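need coordinates for the below:
(one chain, ligands or ions: 2)
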Amino acid sequence: MKKTVAIIGSGKIGRGYLADLFSAAGYHITFIDISTDLVDKLNSRGQYTLFITGKAETKKRIIKDYEAYSIERDFTTIIEKLSIVDMVCVALYPNALPSVANQIVETIKRCIEISRKNPLNFIFFVNKALTARRVKEMVEKQLHTETEINYYKDNIGIVEALTLRGGVNPTPKMLKEDPLCVSSSEGTVIPVGDEFVGPKPDMEFIQFTDRVEGRLAEKVWCGNMLHCTIASIGWSKGYKYTVECANDPYIQNIADQAYNEASFGIGKEFNFNTEEIKEGKNKYWNFFMKSNVLDDVEHVSADPLRKLSRDDRYIGPALLCLKYNKLPYFLARGAAYLFLFENEKDPSALKLQSSVKSNGIEQTIWDVCDLSPNIKEEQMLHQLILAHYKEIAFRK
Ligand SMILES: NC(=O)c1ccc[n+]([C@@H]2O[C@H](COP(=O)([O-])OP(=O)(O)OC[C@H]3O[C@@H](n4cnc5c(N)ncnc54)[C@H](O)[C@@H]3O)[C@@H](O)[C@H]2O)c1
Ligand SMILES: O=P(O)(O)OC[C@@H](O)[C@@H](O)[C@H](O)[C@H](O)CO
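Ligands and ions are numbered 1, 2, ... in the order given. Now for the predicted structure:
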């Protein structure tokens, strides 16, 4: 019988990176999404185009052999499906994690009812440090009976993964060819942690990696921080694509120094050596400066409230720097540029600017970054971001 994977979150990563590798490995896919409109379109079309841009060319793949369900409309069916698939992948933003934890709990109950014997692993593709750990905590809080707790311990894996491929907004030409299309960079590997329950998956593209929590923190707090810094400064300079920003010398200087600070803190906290840090930095710069995949500055700076929150790409590594006695000067500058990201199409940016207007920038920094005025290091970080903000805003 054909193996099946459920993919919760049918956006750029779910329908791009994940659907590409699982469908090539012969899996039937069950897409799950909050957008009933997207689900209906996926089902009525029965296929969509995946554009994969590599160094030399853009290839096309048609993805079919899937079904799609809407969280809003088909919840019971979704739990039924989750309780019988071979594996589940989750490609969502962090604010959707409580809803996934709830689906895991309901799936556990259903697996017990149908006496499912084989383990079920949920693999997470989320740009947020410690995602798997957070989801485990959410799930464990909702399991009450001994049967549920034992079933969870013996049969359910909650696994961290690294999302190595990018998913970008399709070009108008791609959309004209197929309005349901997805555009992705290339790649054949999914690095995962070793929290799998039961036999380890034997697909070639699943590669086990050590220190996965540290590697995810490194990806988001160094790689995505670098990406966001080039994008938000690029936005202030009027660039459209991140590749333009990454080749601007002023932006390069700030982003590179912010990277050095972030990698210092992360190296100390998660035991990465200098060679590993250098290798990571070269890899990111190479990708951002030379990529043929055109990533919009708007996409990379999107949702500043999330990106400026305490455990995300600026404040997370900045607090680590302070913990190890380094001043996060350039991280604070990157954060200040993001505080100035004004984009009326982005609801989070609108909310941020409205807070600056009504509460002032000083209070907004305390609130958005969730820093405490009573802790010396946090007070210093607040001062740094504020000083950069005032200087950049004045020059604007
Ligand atoms: N796009 C990239 O290049 C990239 C790369 C690495 C990591 N990531 C991370 O991958 C995750 C997914 O990103 P994406 O680019 O695919 O986003 P996306 O916006 O393209 O897709 C997200 C999808 O999730 C759906 N959704 C929202 N809330 C939901 C819920 N509660 N339940 C089910 N579906 C829900 C949306 O309708 C949308 O279809 C994010 O954490 C992102 O940071 C993205
Ligand atoms: O997905 P976000 O909003 O957390 O971050 C935006 C981009 O930095 C991100 O999607 C990257 O393109 C991706 O992580 C590939 O490196």
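
which SS state does the residue of the stretch 51-200 of the chain found nearest ligand 2 fall under?
Closest to ligand 2 within the stretch 51-200 of the chain is residue 127: 3.5 Å, counting by Cβ to the nearest ligand atom. Backbone N, C-alpha and C define where each C-beta goes, glycine included. With DSSP: H, G, I helix; E, B strand; the rest coil as the basis, residue 127 sits in coil.

any weak-confidence spans in the stretch 1-150 of the chain?
Along the stretch 1-150 of the chain, no part satisfies pLDDT under 70.

where does it get nearest to ligand 1, which residue?
Closest residue of the stretch 1-150 of the chain to ligand 1, Cβ to the nearest ligand atom: residue 11 (1.7 Å).

name the helices or strands packed onto the helix or strand where residue 256 lies?
In this structure, residue 256 sits in helix 249-270 according to DSSP states H and E. Packing partners of helix 249-270 (3 or more Cβ pairs under 8 Å, 6 or more residues apart in numbering; DSSP states H and E): helix 212-218, helix 225-236, helix 242-246, helix 274-290, helix 315-323, helix 329-339.

tabulate these (TSV), appending distance to residue 164.
Below are the helices and strands packed on helix 249-270 laid out as TSV (distance: least, Cβ to Cβ, whole Å):
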stretch	distance to residue 164
helix 212-218	11
helix 225-236	14
helix 242-246	17
helix 274-290	10
helix 315-323	20
helix 329-339	23
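
between those, which one is nearest to ligand 2?
Closest to ligand 2 of those is helix 225-236 (Cβ to the nearest ligand atom; 3.9 Å).

and that closest one, what does it pack against?
For helix 225-236, the elements it packs on are helix 242-246, helix 249-270, helix 274-290, helix 297-300, helix 329-339, judged by 3+ Cβ pairs under 8 Å, 6+ apart.

who wins for proximity to ligand 1 among the ones you listed?
helix 297-300 (7.3 Å).

what sits up against the closest one?
168-169, 227-228, 230-232, 234-235, 239-242, 245, 343, 345-346 (Cβ atoms under 8 Å, 6 or more residues apart in numbering).

residues near the residue of the stretch 51-200 of the chain closest to ligand 2, how many?
20 (other Cβ atoms under 10 Å).

give me phi/psi at it?
Note on residue 127: backbone dihedrals following degrees, to the nearest 10 are phi -80, psi 70.

hey, least reliable of the helices and strands packed on helix 225-236 by pLDDT?
Per-stretch mean pLDDT for the helices and strands packed on helix 225-236 is lowest at helix 274-290 (a mean of 88).

check contacts around the spatially most central residue of the chain.
Nearest residue to the geometric centre of the chain (Cα atoms, centre = their mean): residue 127, 2.4 Å. Neighbour list for residue 127: 93-94, 163, 219-220, 224 [criterion: Cβ under 8 Å, 6+ apart].

what about 7 Å?
163, 220, 224 (Cβ atoms under 7 Å, 6 or more residues apart in numbering).

among the residues you listed, who's most crowded?
For the contacts of residue 127, the largest number of neighbours (other Cβ under 10 Å) sits with residue 220, at 28 neighbours.

what does the stretch 251-396 of the chain put close to ligand 2?
Within the stretch 251-396 of the chain, the residues that sit near ligand 2 (Cβ under 6 Å from any ligand atom) are 295, 300, 302-303.

again, but for the stretch 1-150 of the chain
Residues of the stretch 1-150 of the chain lying near ligand 2 (Cβ under 6 Å from any ligand atom): residue 127.

outline the domain layout of this structure.
4-209, 213-395 (automatic domain parsing).

in a strand, residue 61, correct?
Yes. Counting by three-state DSSP, residue 61 is part of a strand.

ok, and the closest non-adjacent residue to it?
Residue nearest to residue 61 in three dimensions, not counting chain neighbours: residue 50, with 4.6 Å by Cβ to Cβ, 6 or more residues apart in numbering.

that neighbour in helix, strand or coil?
Under three-state DSSP, residue 50 comes out as strand.

for it, give me its contacts.
By Cβ under 7 Å, 6+ apart, the neighbours of residue 50 are 16, 19-20, 61, 63, 182, 184.

ok, 8 Å please
15-16, 19-20, 60-63, 181-184.

again with residue 40
Counting by Cβ under 8 Å, 6+ apart, residue 40 makes contact with residue 70.

buried residues, stretch 65-76. List them.
66-71, 74 (16 or more other Cβ atoms under 10 Å).

please see if stretch 22-30 touches ligand 1.
No. Counting by Cβ under 6 Å from any ligand atom, ligand 1 has no neighbours in stretch 22-30; the shortest distance is 12.4 Å.

next, the buried residues of that stretch.
22-23, 27-30.

equivalent analysis for stretch 49-68, please.
49-53, 63, 66-68.

so which of those residues is the closest to residue 111?
Comparing the buried residues of stretch 49-68 against residue 111 with Cβ to Cβ picks out residue 67 as the nearest, at 20.0 Å.

show me what the helix or strand containing that closest one pairs with in its sheet, parallel or antiparallel.
Assessed by DSSP H and E, residue 67 sits inside strand 66-70. Strand 66-70 pairs in its sheet with strand 28-33 (parallel), by DSSP bridges.

residue numbers of this structure in contact with ligand 1?
Neighbours of ligand 1 within the chain, by Cβ under 6 Å from any ligand atom: 8-14, 32-35, 38, 71, 91-93, 96, 99, 125-127, 163, 166-167.
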